[in-house]
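In: sharing a model that was predicted from the sequence below.
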Amino acid sequence: MDEPTRILSDEHKNILKVIDSLLRECDALESGKDMDKRFFRKIVDFVRNYADRFHHAKEEDILFVELCKDNVQMPCNPTHQMLHEHDLGRSFVKNVEDGLKEDNKEKVVENARGYAQLLQEHIYKEDNILYPMADEALNQEIQKSMLDKFRQVEQRFGQKKEQYLSIVKELEKRK
């Protein structure tokens, strides 16, 4: 049986690939390249949909809810910090979008780099601290129930998942 946390970690790999592409584009901008607004809009769209509506829906509405139940025994519960970091990420993305509208390259780069650094650290904490704690704290019955709920998220997201995975592949080719 797939573990819910394994699915989430696999999704993190896709998000990190997009972040790598974002950082390469920031480097290029800082080296004098003109701002490719289409590229950044694609990144914002990916983050808002794949990372937020698809991936975070599983974390925030399913995993974190389970981890915050009274009967779950964990040495500490970092879910509130993870939620706070999700909100910080959303703020960075909003500022990237605002920078695009204002044609403000510095604002775009500053917030894109802020988002990238936040997410790299955030994903490390989830993959290496939170998820192992969750695997330990949540029994097989709860994890099976979570997998059913994950499938419902997948169904609601539908074909969009493949659309966003194709963006990941496209961005990887830009290396």
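Out: Yep, that arrived.
In: residue nearest the centroid of this structure?
Out: Geometric centre of the chain, nearest residue: residue 51, 3.8 Å, by CA atoms, centre = their mean.
In: surely that one meets residue 12?
Out: No. With contact defined as CB atoms under 8 Å, residue 51 does not reach residue 12; the gap is 9.3 Å. C-beta: built from backbone N, CA, C; applies to glycine.
In: now the helices for the chain?
Out: Remark: helices assigned in the chain by DSSP state H are 4-30, 37-46, 57-58, 64-67, 79-101, 105-125, 131-137, 140-157, 160-173.
In: of all these, which one is nearest residue 73?
Out: Comparing these against residue 73 with CB to CB, the closest turns out to be helix 131-137 (6.0 Å).
In: give the buried residues for the closest one.
Out: Within helix 131-137, the residues scored as buried using 16 or more other CB atoms under 10 Å are 131, 133, 134, 137.
In: check stretch 15-32 too.
Out: Buried, per 16+ other CB under 10 Å, within stretch 15-32: 15, 16, 18, 19, 20, 21, 22, 25, 26, 29.
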